[in-house]
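Trainee: Structure for the following, please:
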Amino acid sequence: YLSEMRELNDPQMPEVVAHEYEPFYDSSDLGPPDWALLASDIKANYLHFDGFVVLMGTDTMAYTASAMSFMLENLGKPVVFTGSQIPLTEPHNDARRNLIMALIFASRDTVNEVSIFFHDRLLRACRATKVNTHRLLAFDSPNLEPLAKIGITIDENQHLLLPPARGALRVHTRMDTRLLAIRLVPGFDDAVIRHIVHGNENENELRALILQLYGTGNIPSVKESFVQLLADAKEKDILVVASTQCYTGSVMLGHYATGQALAEAGVVSASDMTLEAIACKLGYLFGRGDLTMD
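Mentor: This is a model prediction of the structure:
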């Protein structure tokens, strides 16, 4: 289908070299080994191209793109992820415009970082999340404005663009996936979390526990035993990270008494990061092997 797109042969479009991965996988099947392959391929071809476009399914695009933003250190060229809600083979689709605009952004020298282009906006990868399964505006950046929006012209938010990279590209391909994310609900029984924490003592299987908490990072004030459990987790070298269940906003552990208790127990605030960014950043940091818990 790409070879039949007349837009790609337009003299105003960049020259494109396509590389297909076989076999094709649903994006739900992609994970750290696939991210490592992608990062390695970008490194191998880094000096031969002005930019890179990654086409993939949307379900885990925010995870893959977030991972790339951490794995590609000192990135000095655009890496643009895109896909579609409606396949390119359908008469009416959003794939064509998404691909064309991703190629245009990948050929420019202004946004030299990992990003996601979808519908009418370019989003910073580690700030993006999928927000809709049925509408064409499938991705958003809850706590950061788009890097650029398109209309009749391309409007870039200059104040958000990163400065030029310092140093040569470094690729980190190791990801430690021993982490767990849990979304708390009212009346939750913390016995399962207790079993996970204390069962980890001899096997050292869990490195990080991501808790999606209420509001600015709150739990029920009557759950004193749960706060102690999180303190125990820290003693067992399990990093506990607090994120918010809210779509926008930030964790502020010192804002209320329960949040202050969590901070004193050693829980780390994720501030306004997306779940995708938290998970991928932790996997990257633990995978480096040259960092300590301090």
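
Trainee: Tell me the spacing between residue 32 and residue 24.
Mentor: In this view, residue 32 and residue 24 are 19 Å apart by C-beta to C-beta, to the nearest Å. (Glycine included, C-beta is placed from N, CA and C.)

Trainee: More neighbours: those two, which one.
Mentor: residue 32 (20 against 9; other C-beta atoms under 10 Å).

Trainee: Next, residue 144: secondary structure please.
Mentor: For residue 144, the assignment made with DSSP: H, G, I helix; E, B strand; the rest coil gives coil.

Trainee: shouldn't it be in contact with residue 157?
Mentor: No - under the criterion of C-beta atoms under 8 Å, residue 144 is not in contact with residue 157, lying 9.3 Å apart.

Trainee: can you pull out the helices in the chain?
Mentor: According to DSSP state H, the chain carries its helices in the segments 32-44, 61-71, 95-107, 191-198, 224-235, 257-264, 275-288.

Trainee: Is it possible to get CSV of those that adds distance to residue 4 and mean pLDDT?
Mentor: Converted to CSV, these look like this (distance: least, C-beta to C-beta, whole Å; pLDDT from 0 to 100):
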stretch, distance to residue 4, mean pLDDT
helix 32-44, 25, 97
helix 61-71, 25, 98
helix 95-107, 11, 96
helix 191-198, 52, 90
helix 224-235, 55, 93
helix 257-264, 56, 90
helix 275-288, 34, 97
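
Trainee: Of all those, which one is nearest residue 248?
Mentor: Closest to residue 248 of the helices of the chain is helix 275-288 (C-beta to C-beta; 13.6 Å).

Trainee: any weak-confidence spans in the protein?
Mentor: Low-confidence segments of the chain (pLDDT under 70): 1, 200-204, 294.

Trainee: for it, what spans make up the strands?
Mentor: 52-55, 72-73, 79-82, 114-118, 121-124, 129-130, 139-140, 148-150, 154-156, 170-171, 179-183, 208-213, 239-244, 268-269 (DSSP state E).

Trainee: so of these, which one's packed in deepest?
Mentor: Comparing the strands of the chain by mean neighbour count (mean count of other C-beta atoms under 10 Å), strand 114-118 ranks first with a mean of 29.

Trainee: show me what contacts residue 131?
Mentor: 137, 138, 139, 140 (C-beta atoms under 8 Å, 6 or more residues apart in numbering).

Trainee: try 7 Å this time
Mentor: 138, 139, 140 (C-beta atoms under 7 Å, 6 or more residues apart in numbering).

Trainee: ok, now residue 124?
Mentor: Contacts of residue 124 (C-beta under 7 Å, 6+ apart): 113, 115, 141, 144, 147.

Trainee: give the contact list for the closest residue to residue 248 other than its chain neighbours.
Mentor: Excluding the flanking residues, the one nearest residue 248 by C-beta to C-beta, 6 or more residues apart in numbering is residue 142, at 4.6 Å. Residue 142 sits next to 129, 247, 248 when contact means C-beta under 7 Å, 6+ apart.

Trainee: Could you verify my assumption that the last one touches residue 143?
Mentor: Spelled out, it's residue 248. Yes - taking contacts as C-beta atoms under 7 Å, residue 248 lies within contact range of residue 143: 5.8 Å.

Trainee: Count the residues that sit near residue 51.
Mentor: Around residue 51 there are 19 residues (other C-beta under 10 Å).

Trainee: and the gap between it and residue 75?
Mentor: Distance, residue 51 to residue 75, by C-beta to C-beta: 10 Å.

Trainee: which of the helices of the chain is buried the deepest?
Mentor: helix 61-71 (a mean of 27).

Trainee: could you say what helices and strands that one packs with?
Mentor: Helix 61-71 sits against helix 32-44, strand 79-82, strand 114-118, strand 129-130, helix 275-288, with contacts defined as 3 or more C-beta pairs under 7 Å, 6 or more residues apart in numbering; DSSP states H and E.
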